[in-house]
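# Any chance you can model this:
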Amino acid sequence: MINVPVITRRELNSLFLSPTAYVVLTGFAFVQGLLFANVLGPHVDPVLTCELITFRIPLYLLMAATPVLTMRLLSEETAGGTIETMMTAPVTEAELVLGKFAGVLVFAMVMFLPIGAQMAFLGLHEPLDAGATLAGSMGLFLLTAQFLSVGLLCSALTRMQIAAAIMSFAALLALCSASYLAGGSRGGLGSLLRYLSPPGHYTGFSRGIVDTRDVAYFVVTTALLLVLTVRALQLRKWR
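You can find the predicted model right below:
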């Protein structure tokens, strides 16, 4: 795994030189800030504001940002033919996937810097619960990692960036809507759909509750998606 840091730095350099990435950064900060300002008032409740705006809203913004950030990660390499060159070098598919994933994950953490500023502002009104804040931050990190792994897999499945973005958005929308599709069903399918839906596991974190079952859900699904991405690259290599 010695090549992972090199690929990560290469991906970060590419992201910070991309106009599209800056559009995402600006758009995320603008919408997040607009919603944050909309709930402020003379009787602001820091706890409620922190839960709703600082942790809940990013769930939906991520659905829009993830496809844009991940669509080019592997599809661009495939379309340009550079992935074949990389695969002939002493770089494994796993190193390539982990490097790309780490790079875009670090970029996403930079995208969340305005949230830290919002939390600091709320702390001026009333001290925030450190445990709840850490739990929410942990949940946001795990959710982001899962969403980005979905986008990375979609990028590995096609040479077209637009197709990768559409596939990624559709997959995220389906995952987040799974619990609504289940409705009040108590059968096996309904329980499975509710379990697969990220919002159900993320809600506890946003309320300051860390459940090991929710942590395991995000870690296992993210790891599985990364393994599937590696497998997709390996199958493409032998075509």
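# Only C-alpha atoms from now on, for both contacts and neighbour counts.
Fine.
# residues near V106, how many?
Close neighbours of V106, defined as other Cα atoms under 10 Å, add up to 14.
# ok, and it, which helix or strand is that part of?
Element membership of V106, judged by DSSP states H and E, is helix 93-111.
# what is the mean pLDDT for that helix?
Mean pLDDT, helix 93-111: 92.
# residues of the host helix or strand of Q234 that come out buried?
According to DSSP H and E, Q234 maps onto helix 212-237. Across helix 212-237, burial judged by 16 or more other Cα atoms under 10 Å covers 214-215, 217-218, 221-222, 225-233.
# Kindly report the same for stretch 5-18.
The neighbour-count check on stretch 5-18 (16+ other Cα under 10 Å) flags P5, I7, T8, E11, L12, L15 as buried.
# Show me what the helix holding V106 packs onto, helices and strands only.
Counting contacts by 3 or more Cα pairs under 8 Å, 6 or more residues apart in numbering; DSSP states H and E, helix 93-111 packs against helix 4-16, helix 19-39, helix 130-156, helix 212-237.
# if we go to 6 Å?
If contacts are counted by 3 or more Cα pairs under 6 Å, 6 or more residues apart in numbering; DSSP states H and E, helix 93-111 sits against helix 4-16.
# contact partners of the helix it packs on?
The contact list for helix 4-16, computed with Cα atoms under 6 Å, 6 or more residues apart in numbering, reads E95, G99, K100, A102, G103.
# cool, stretch 196-216 as well?
Stretch 196-216 is contacted from outside by E51, F55, A132, A135, G136, G139, L175, C176, A178, S179, using Cα under 6 Å, 6+ apart.
# make it 8 Å
Applying Cα atoms under 8 Å, 6 or more residues apart in numbering, the contact partners of stretch 196-216 are 51-52, 55-56, 59, 131-140, 142-143, 175-179, 194-195, 217.
# Please indicate which of these are buried?
Among the contacts of stretch 196-216, those classed as buried by 16+ other Cα under 10 Å are 51-52, 55-56, 59, 132-140, 142-143, 175-179, 194-195, 217.
# residue contacts, the residue most central in space within the chain?
For the chain, T144 is the residue whose C-alpha lies nearest the centre (Cα atoms, centre = their mean; 2.6 Å). When contacts are counted by Cα under 8 Å, 6+ apart, T144 is found next to L62, L105, A108.
# Relative to T20, which of those residues is nearest.
A108 (13.4 Å; Cα to Cα).
# so what's the closest one closest to, chain neighbours aside?
Using Cα to Cα, 6 or more residues apart in numbering and skipping residues adjacent in sequence, the residue nearest A108 is T144, 7.7 Å away.
# where in the chain is pLDDT low?
39-55, 77-89, 125-126, 128, 182-187, 237-239 (pLDDT under 70).
# In three-state terms, how would I209 be classified?
Local secondary structure at I209 is given as coil here, using DSSP: H, G, I helix; E, B strand; the rest coil.
# So that it lines up with my notes, have the first residue be 308 from now on.
That works, and once the first residue is 308, the last one we named lands at I516.
# ok, now which ones touch I469?
I469 neighbours (Cα under 8 Å, 6+ apart): M378.
# From T333, how far off is it?
Separation of I469 from T333 (Cα to Cα, to the nearest Å) stands at 21 Å.
# cool, and L368?
Distance of L368 to T333, given as Cα to Cα: 12 Å.
# Equivalent analysis for F419, please.
Shown here: F419 relative to T333, a distance of 11 Å by Cα to Cα.
# again, but for V522
From V522 to T333 the distance is 30 Å (Cα to Cα).
# and what of G515?
The gap separating G515 from T333 is 28 Å, by Cα to Cα.
# Tell me which of those two has more neighbours.
Using other Cα under 10 Å as the criterion, G515 and T333 rank with G515 on top: 20 against 13.
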